[in-house]
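Engineer: Got a predicted structure plus its sequence, pasted below:
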Amino acid sequence: METILRIDNIEKYYGNKSSLTKAIDNISFEVEKGEFVSIMGASGSGKTTLLNCISTLDKVTSGRIFVGGYDITGLKGNKLNKFRREELGFIFQDFNLLDTLTAYENIALALSIQNVKAGEIDRRVKKVANELGIYEVLNKYPYQMSGGQKQRVASARAIITNPKLILADEPTGALDSKSSRMLLESFNYLNAELEATILMVTHDAFTASYADRVIFIKDGKIFNEINKGDNTRKEFFDKIIDVVTLLGGDLNNAL
């Protein structure tokens, strides 16, 4: 099995000597190719900081992060931009679509930047749009789409370059329950059929239950980790709730 992401003893501090906060405290784990991993934790637990460090939006204080066997912690300038553009796919809670571009143009943009030929762009955009059920909105602008459609367009944009790793930050946070379910089914399709490797931060146990594995973060450390294995999604959801209870907080308020 190929290791896509390896986190080696990373730490992250904020502030100065008089007021120092340890956001990440010696975290290590791996994500294999084709895995769908969710990270859960209370507000302030360090889960978003962890995602920001993996996405290179923030830098670790110590430790190493490897993506595809390549140490990304020291990347700068053009090498950093190239890594983000070619190796990572991003899915955000607020979609981050460009309002002046159609769905087709939003999805195609990353390929255009890579100077992919127009015919190949057209083939790949239409293929992923069919796979995610958004073909009918390709010529629409974001304001003409529902929240669920916008998030699936954002998912198509994330997968179109065949990145090594897709990072999803609270992807269902702005969606209603029906749209959330449709998006998560799309994630399962990307993961199972296209072998996409997904790392998702979420506060929601229902959303996390679609993953293969859930890593729980508390006070900047890994608190627990559970695998879906042969469990049904409902059984896995119940296991997640059990750990949430151990974390010591109400699901809706603490996570």
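Structural biologist: Thanks, I have the structure now. Values in this document were obtained by computation on a predicted structure and should not be read as measured data.
Engineer: ranges for the strands of the stretch 151-255 of the chain?
Structural biologist: Taking DSSP state E, counting those that start in this stretch as the criterion, the stretch 151-255 of the chain carries its strands at 165-169, 198-201, 213-218, 221-227.
Engineer: With mean neighbour count, distance to G44 and mean pLDDT as new columns, can the ones you listed be given to me in a markdown table?
Structural biologist: For every residue, glycine as well, the C-beta is placed using N, CA and C. Output for these, formatted as a markdown table (neighbours: other Cβ atoms under 10 Å; distance: least, Cβ to Cβ, whole Å; pLDDT from 0 to 100):
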| stretch | mean neighbour count | distance to G44 | mean pLDDT |
| --- | --- | --- | --- |
| strand 165-169 | 22 | 16 | 94 |
| strand 198-201 | 25 | 13 | 96 |
| strand 213-218 | 22 | 10 | 96 |
| strand 221-227 | 16 | 13 | 96 |
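Engineer: of all these, which lies closest to Y70?
Structural biologist: For those, distance to Y70 was read as Cβ to Cβ. The smallest value, 11.5 Å, belongs to strand 165-169.
Engineer: Please identify the pairing partners of the closest one and their relative orientation?
Structural biologist: Strand 165-169 pairs in its sheet with strand 88-92 (parallel), strand 198-201 (parallel), by DSSP bridges.
Engineer: I'd like those strands as a markdown table, with distance to G41 appended.
Structural biologist: Shown next, in a markdown table, are the strands paired with strand 165-169 (distance: least, Cβ to Cβ, whole Å):
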| stretch | distance to G41 |
| --- | --- |
| strand 88-92 | 18 |
| strand 198-201 | 8 |
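Engineer: Check which helices and strands the helix or strand harbouring I121 is in contact with.
Structural biologist: Using DSSP states H and E, I121 sits in helix 118-132. Contacts defined by 3 or more Cβ pairs under 8 Å, 6 or more residues apart in numbering; DSSP states H and E place helix 118-132 against helix 103-113, helix 147-159, helix 177-193.
Engineer: returning to what we had before: export the strands of the stretch 151-255 of the chain to a markdown table and append columns for distance to M40.
Structural biologist: Formatted as a markdown table, these follow (distance: least, Cβ to Cβ, whole Å):
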| stretch | distance to M40 |
| --- | --- |
| strand 165-169 | 13 |
| strand 198-201 | 8 |
| strand 213-218 | 5 |
| strand 221-227 | 9 |
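Engineer: wait, which of those is closest to G63?
Structural biologist: G63 sits nearest to strand 221-227 of all the strands of the stretch 151-255 of the chain, at 13.1 Å, using Cβ to Cβ.
Engineer: Outside of that closest one itself, list whatever touches it.
Structural biologist: For strand 221-227, the external contacting residues (Cβ atoms under 8 Å, 6 or more residues apart in numbering) are 25-29, 41, 46, 212-217, 236, 239-240, 243, 246-247.
Engineer: Repeat the analysis, applying 6 Å as the threshold.
Structural biologist: The contact list for strand 221-227 (Cβ atoms under 6 Å, 6 or more residues apart in numbering) reads 25, 27, 213-216, 239, 243.
Engineer: Note down every partner strand of that strand and its orientation.
Structural biologist: Partner strands and pairing direction for strand 221-227 (DSSP bridges) are strand 213-218 (antiparallel).
Engineer: May I have the strand it pairs with as PDB, with CA atoms only?
Structural biologist: What follows is strand 213-218, C-alpha atoms only, in PDB (Å, rounded to 0.1, in the frame of the first residue of the first chain):
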ATOM      1  CA  ARG A 213     -11.400   5.900   9.700                       C
ATOM      2  CA  VAL A 214     -11.900   8.700  12.200                       C
ATOM      3  CA  ILE A 215      -9.000  10.400  14.100                       C
ATOM      4  CA  PHE A 216     -10.100  12.300  17.200                       C
ATOM      5  CA  ILE A 217      -8.000  15.300  18.300                       C
ATOM      6  CA  LYS A 218      -8.100  16.700  21.900                       C
END
